[in-house]
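Chemist: need a structure here:
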Amino acid sequence: MKRCTKCGELKPPRAFHSYGKARPGQRETECSVCHVARARQRAAAARRWIREFAAGWRDENRHLLESARGLVGPGSQPQFRLPIYYQLRHDAILAYGGYRCACCGITEPFFLSIDHVNNDGGRHRREVGSSTSILHWLRKNRYPPGFQVLCTNCNTGRHRNGGICPHKDPVRKPRGR
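Modeler: I've put the predicted structure just below:
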């Protein structure tokens, strides 16, 4: 019999967690019931702390949240200057048809990207660079044809499906499988 250091009761050794391979044959000092109760209390305290921290952060940073809503809200005019990447991305998306996927029609701004119509994006990225470099190149070249706005799913689907979006040709299998 072994006494639990938490509740003080005498219990058989199997009522205590084993230390495992680190200390074979040895057992924890508190019984399994007390151990589980303490773990639940710690988890509840951690959840409370996270909720309180998040509420405090939201109160302190309300201005950031409100300004971010101005970026994605329909018809909203942001009251501050966007970082250059988002300015270039916004201009490119508007130049190639607006905030709407050319394939499936989704309008969520966070999902949209600029796609190379001829599937030559890899070669173009090697020549120009990626991310902001491509957006700078598009603006410098006055948004030439050969690009379109697609959501990430359609863009990735076209890449993996040999240039055809799975929405339009669901029978084809991804390359390499």
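
Chemist: only C-alpha atoms for contact and neighbour calcs from this point on.
Modeler: Fine.

Chemist: now do the helices in the protein.
Modeler: 32-60, 62-72, 84-95, 121-128, 132-140, 152-160 (DSSP state H).

Chemist: tilt between the fourth one and helix 132-140?
Modeler: Taking axes from the mean of the first three to the mean of the last three C-alpha atoms, to 10 degrees, one finds that helix 121-128 is oriented at 80 degrees with respect to helix 132-140.

Chemist: would you put the C-alpha positions of helix 121-128 in PDB?
Modeler: Extracted in PDB, the C-alpha atoms of helix 121-128 (Å, rounded to 0.1, in the frame of the first residue of the first chain):
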ATOM      1  CA  GLY A 121       4.400  30.800 -63.800                       C
ATOM      2  CA  GLY A 122       7.400  28.800 -62.700                       C
ATOM      3  CA  ARG A 123       9.500  30.100 -65.700                       C
ATOM      4  CA  HIS A 124       8.200  33.600 -65.100                       C
ATOM      5  CA  ARG A 125       9.100  33.500 -61.400                       C
ATOM      6  CA  ARG A 126      12.600  32.400 -62.200                       C
ATOM      7  CA  GLU A 127      13.000  35.400 -64.600                       C
ATOM      8  CA  VAL A 128      11.300  38.100 -62.500                       C
END
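
Chemist: run a quick neighbour tally on Val149.
Modeler: Neighbours of Val149 under the rule other C-alpha atoms under 10 Å: 26.

Chemist: what do you get for Ser32?
Modeler: That count, for Ser32 with other C-alpha under 10 Å as the rule, works out to 16.

Chemist: check contacts around it.
Modeler: 15-17 (C-alpha atoms under 8 Å, 6 or more residues apart in numbering).

Chemist: emit the PyMOL select command for whichever of those residues are buried.
Modeler: This is how PyMOL selects the buried members of these, with burial counted by 16 or more other C-alpha atoms under 10 Å:
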select buried, resi 15+16+17
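
Chemist: in TSV: the contacts of Ser32, plus distance to Ile50 and pLDDT.
Modeler: Formatted as TSV, these follow (distance: C-alpha to C-alpha, whole Å; pLDDT from 0 to 100):
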residue	distance to Ile50	pLDDT
Ala15	33	91
Phe16	31	92
His17	29	87
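
Chemist: give me the most central residue, the chain.
Modeler: Closest to where the C-alpha atoms of the chain average out (C-alpha atoms, centre = their mean) is Phe110, at 10.5 Å.

Chemist: what's the distance between it and His90?
Modeler: 11 Å (C-alpha to C-alpha, to the nearest Å).
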